[in-house]
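Student: Here's a sequence, model it:
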Amino acid sequence: MNNRFKPALTMILAAMLTFSLASCSNEEDFASAYGTSNTLLTYIPEDAPYMAGNLEPIPEDFLVSMFLRLEPALTAVQADLEYALADLELNADIDDSSHALALAVLNELDGNLNAEGLRSLGFTMKPQQVIYGMGMFPVIRVSLADAQALRDTIARIELNSGVGFPEHEHQGQSYWKLSDDGGSRDGFNGGVYLAIIQKGSDAHLAFSVFPTQSEAELLPAFLGQKMPATDTAAMRLAEINQDYNFTPYGTGIFDFQLAFDQLTDPNSTLRRSLEQAGEDEFEQISAVCQAEIESIIAYAPRMIAGTTEMTQSAVGAEYRLELESNLATELAGLVANVPPVPTQTERLLELAFGIRIGAARDFMTTKLTEMSLAQFECEHLRDINSWASDTLVKLNYPMPPLVNNLFGMRASLDQMPEHQGDISSARGSFAIHMDKPEMVLGMAKMFLPAMENVEIEKGGPPVELPQSVLPVPGVTAYAAMSDSALGIALGQDETAGLSAYLAEESEGTGSFFSVNYDMATYMERMNILTDDLIDAGVMRQDYDSDMALEHHSEVQEAFQNALTEMADRNLLEFRFDDRGLAIENRMQFRD
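Tutor: Numbering: from 1, shown residues only. Sure, this is the predicted structure:
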């Protein structure tokens, strides 16, 4: 395919896939029985090692607001699409099936990169979808508003491109298959399967990848002709939503034990499929290995994710690694009394980190000592034995008191440097938290003669630092100290709030890392970093024409501008609690 339109085509198809997740079904009896209208959940087998889905459609007003906010960017994508079409049509004499297929696909998308256009292709703005493992093989199901409209779209692409999409059939259900029937290493053939499945008033698009040699076993389940014996997916997702206070708009699970079962159980879907394909390289592991690996999995049995907020004002999500209760309690005990960043702020950047370094070192030493005394017997885990022994030796090296007493760092930035490497224009407050902050001042006096007469009292007013100890000229900096922190303010206007900044207290939420930043500034800095990497030769722009680069840059800039106008702030927080590790993310939108 011509590289000149690859970026545009990739972006358009990605957008189409994203928007195509807006599809729903509405069977009242199912909703009444399961508390959800998403009948696609009934396709998920009970032993699926991973699954994700929504119990309720994403609010339509949210999707409409996203379309409105992204309208300038979609307009730029439409312009780029028209350029790609013109480029393809100029080279219409090229005898290349991918060229013809791309032209036909772009013609279908032309003018349809909007809500109404996507509806005309068979999709809708009321998302219902599921992703799960059939064994370990992925299956994606997306509800359709109009199955015939999508079939008509595919038929037009087939007709206009001259590329045939032969349909296969299994027990009356048609499907498409893309595979290398010529065979590959050891006779293994991977197949890509696509089907439009209609059941009563419900229709959905199904996609999967699995070995073609396993069609006899997997195809009936993929096509919905063999449904799971028990239907528990909706109940499991609902329980997670209730336990963690998630919204019903999207929840996921990855179960490490079920995934391990797929690898080790000779009767699992994965092992049977690989055996049929002549690719079962998973030897039957010993009972010792199985027991030891399962003992590791028991410390972190599963990962989950869910949406915590989805409105026109903000989107929130939480990701969790569930941990064994004693381990979770021990890790939570390492969190230091350092205030997390405020959830509402006008500062460009707020950042906080709080882990008791000395306690964390002791925790690691204890755990690695236990591992060294009771080493793994399993041959697949012997590298862990070596790693534990080597790391334990390094941890036993003496640690400087300054590091051992450290338990946190914070930053509150109000103004970023205007130029790369120029910190003189920076404005903000910084703090290090430790048991004896006067140790830092004492060390500074030992190594910096200019600090000898600088006296900073605990709880006292900020003191200006000598210019000679600052890294660049023109910087105005003040220092202050509390019982457990030493702080520095950059800029005269930051001085007044430094003492109060050091006196802030933690709310005891278990947060050990948090950051709240202005999205527009972040994207601007990422652009500067990208330009610097390109100038340095670390990154390159891989386009074969200046015109293509110009069009792609216009689309990129349009999305950048749309996101800058749309996104206000982003809040990210890591914390430990009695259930394990939680990562929360909340993106706030501008009014």
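
Student: As a check, name the ranges of all helices in the stretch 201-350 of the chain.
Tutor: 215-222, 233-244, 256-264, 269-276, 287-297, 325-332 (DSSP state H, counting those that start in this stretch).

Student: Could you dump these into TSV and include distance to D483?
Tutor: (C-beta placed from N, C-alpha, C; glycine too.) Putting these into TSV (distance: least, C-beta to C-beta, whole Å) gives the following:
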stretch	distance to D483
helix 215-222	63
helix 233-244	36
helix 256-264	43
helix 269-276	57
helix 287-297	41
helix 325-332	24
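
Student: I'd like to know which of the ones you listed lies nearest to I44.
Tutor: When the helices of the stretch 201-350 of the chain are ranked by proximity to I44, the top entry is helix 233-244, at 4.0 Å, counting by C-beta to C-beta.

Student: ok so, going back, nearest to A360, out of the helices of the stretch 201-350 of the chain?
Tutor: Closest to A360 of the helices of the stretch 201-350 of the chain, according to C-beta to C-beta: helix 325-332, at 9.3 Å.

Student: can you give me the end-to-end distance of stretch 260-269?
Tutor: Stretch 260-269 has its terminal residues 12 Å apart, counting by C-alpha to C-alpha, to the nearest Å.

Student: before we move on, the earlier item: between the helices of the stretch 201-350 of the chain, which has the poorest mean confidence score?
Tutor: Note on the helices of the stretch 201-350 of the chain: helix 269-276 shows the lowest mean pLDDT, a mean of 83.

Student: Report the buried residues of it.
Tutor: Judged by neighbour count using 16 or more other C-beta atoms under 10 Å, the buried positions of helix 269-276 are T269, L270, R271, R272, S273, L274, Q276.

Student: Pull the residues that contact stretch 205-219.
Tutor: 20, 23, 134-135, 137-144, 150, 170, 175, 177, 179, 181, 187-197, 222-224, 269, 272-274, 276-279 (C-beta atoms under 8 Å, 6 or more residues apart in numbering).

Student: before we move on, back to that, could you point out which of the buried residues of helix 269-276 is nearest to P127?
Tutor: Proximity of these to P127 was ranked by C-beta to C-beta; the top entry is T269 with 27.5 Å.

Student: ok so, going back, filter the contacts of stretch 205-219 down to just the buried residues.
Tutor: Members of the contacts of stretch 205-219 classed as buried by 16+ other C-beta under 10 Å are 20, 23, 134-135, 137, 139-144, 150, 175, 177, 189-191, 193-197, 222-224, 269, 272-274, 276-277, 279.

Student: Of these, which belong to strands?
Tutor: Cross-referencing these against strands under DSSP state E gives 134, 137, 139-143, 175, 177, 190-191, 193-197.

Student: Point out the least confident member of those, please.
Tutor: Minimum pLDDT for these is recorded at G190 (80).

Student: For L178, see how far away that one is.
Tutor: If you measure G190 against L178 using C-beta to C-beta, to the nearest Å, the figure is 10 Å.

Student: anything in contact with each of the two?
Tutor: Between them, G190 and L178 share no contacting residue under C-beta under 8 Å, 6+ apart.

Student: Counting neighbours, what do you get for the closest residue to R236 other than its chain neighbours?
Tutor: When the adjacent residues along the chain are set aside, R236 lies closest to I253, with 6.9 Å between them (C-beta to C-beta, 6 or more residues apart in numbering). Per other C-beta atoms under 10 Å, the neighbour tally for I253 reads 22.

Student: cool, T307 as well?
Tutor: Each residue near T307 was counted by other C-beta under 10 Å, and the total is 19.

Student: Tell me which residues touch it, please.
Tutor: For T307, the set of contacting residues under the criterion of C-beta under 8 Å, 6+ apart consists of F246, T247, Y249, G250, T251, V315, G316, A317.

Student: swap the cut-off to 10 Å and go again
Tutor: Contact criterion C-beta atoms under 10 Å, 6 or more residues apart in numbering gives 54, 58, 241, 246-252, 315-318 as the residues in contact with T307.

Student: can you put these in TSV and add distance to M587?
Tutor: Shown next, in TSV, are these (distance: C-beta to C-beta, whole Å):
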residue	distance to M587
N54	19
I58	15
N241	20
F246	16
T247	15
P248	19
Y249	15
G250	15
T251	18
G252	18
V315	5
G316	8
A317	9
E318	13
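
Student: Make TSV from those residues and add neighbour count and distance to S295 to it.
Tutor: Formatted as TSV, the entries for the contacts of T307 read as follows, by neighbours: other C-beta atoms under 10 Å; distance: C-beta to C-beta, whole Å:
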residue	neighbour count	distance to S295
N54	24	35
I58	23	40
N241	20	30
F246	23	30
T247	20	35
P248	20	35
Y249	21	36
G250	22	32
T251	23	28
G252	19	25
V315	18	38
G316	18	35
A317	19	31
E318	19	28
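
Student: Can you get me a residue count around G122?
Tutor: If you count neighbours by other C-beta under 10 Å, G122 ends up with 22.

Student: The nearest residue to E565 once chain neighbours are set aside - how many residues pack around it?
Tutor: The shortest distance from E565 to any non-neighbouring residue, by C-beta to C-beta, 6+ apart, is to R590 (6.7 Å). Taking other C-beta under 10 Å as the criterion, the count of residues near R590 is 13.

Student: per-residue confidence for R590?
Tutor: The pLDDT attached to R590 in the predicted structure is 86.

Student: list the contacts for it?
Tutor: With contacts defined as C-beta under 10 Å, 6+ apart, R590 is in contact with R69, S313, M519, A520, T564, E565, M566, A567, D568, R569.

Student: Figure out the helix or strand that the residue of the chain positioned farthest from its centre lives in.
Tutor: Farthest-out residue of the chain from its mean C-alpha position, per C-alpha atoms, centre = their mean: N453, at 50.5 Å. With secondary structure defined by DSSP states H and E, N453 is part of neither a helix nor a strand.

Student: ok, now how distant is it from G442?
Tutor: For N453 relative to G442 (C-beta to C-beta), the value is 14 Å.

Student: and if you look at A360?
Tutor: 24 Å.
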